[in-house]
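Engineer: here is a sequence together with a model predicted from it:
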Amino acid sequence: MADLDDRGRALENEYFRRKEQELIEKMKSRIGADGSRSTEMKCPKCDGTLHETVYENIKIDVCDGCHGVWLDSGELAQIAHHDENKGGWLDKYFG
């Protein structure tokens, strides 16, 4: 009976592996088709285009429409840590 259970699990694993491969191939073809689209990000405030800029060796996004600055996860902490070491404006503002 244990052999049947093992055989059943092996068939089940093979089935799901095959399905995953099919989905991966489908996703790769979709990504290839979408690759021709523009990858620029839109500003959540004004729908302007966000451009990546370097500030103190940290990449930030700046909008060309409203000139807003948008930070990705962890970038504010990096800026704060950098300013903390230099005694910058961010440290004075939050300190």
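Structural biologist: Right, received. Where do you want to start?
Engineer: how distant is whichever strand or helix holds Phe16 from the center of its chain?
Structural biologist: Phe16 belongs to helix 2-34 when elements are defined using DSSP states H and E. In terms of Cα atoms, centre = their mean, to the nearest Å, the centre of helix 2-34 is set 26 Å apart from its chain centre.
Engineer: got the domain boundaries for this protein?
Structural biologist: 1-37, 41-94 (automatic domain parsing).
Engineer: avg pLDDT for the last one?
Structural biologist: Looking back up the chat, that one is domain 41-94. Average pLDDT, domain 41-94: 80.
Engineer: again, but for the first one
Structural biologist: Taken as a whole, domain 1-37 carries a mean pLDDT of 84.
Engineer: next, the buried residues of that domain.
Structural biologist: Within domain 1-37, no residue counts as buried by 16 or more other Cβ atoms under 10 Å. Where you see a C-beta, it was placed from the backbone N, CA and C, and this is true even at glycine.
Engineer: still on that earlier bit, which elements pack onto the following helix or strand past the helix holding Phe16?
Structural biologist: The helix or strand immediately downstream of helix 2-34 is strand 41-42, counting by DSSP H and E. If contacts are counted by 3 or more Cβ pairs under 8 Å, 6 or more residues apart in numbering; DSSP states H and E, strand 41-42 sits against strand 49-55.
Engineer: partner strands of the strand it packs on and their direction?
Structural biologist: If you go by DSSP bridges, strand 49-55 pairs up with strand 41-42 (antiparallel), strand 58-63 (antiparallel).
Engineer: among these, which is nearest Ser73?
Structural biologist: Closest of the strands paired with strand 49-55 to Ser73 is strand 58-63, at 12.2 Å (criterion: Cβ to Cβ).
Engineer: what's the offset of the helix or strand following the closest one from the middle of its chain?
Structural biologist: Counting by DSSP H and E, the next helix or strand C-terminal to strand 58-63 is strand 69-70. Mean C-alpha position of strand 69-70 versus that of the full chain (Cα atoms, centre = their mean) differs by 16 Å.
Engineer: again with stretch 62-79
Structural biologist: On Cα atoms, centre = their mean, the centre of stretch 62-79 falls 15 Å from that of its chain.
Engineer: next one: stretch 41-58
Structural biologist: 14 Å.
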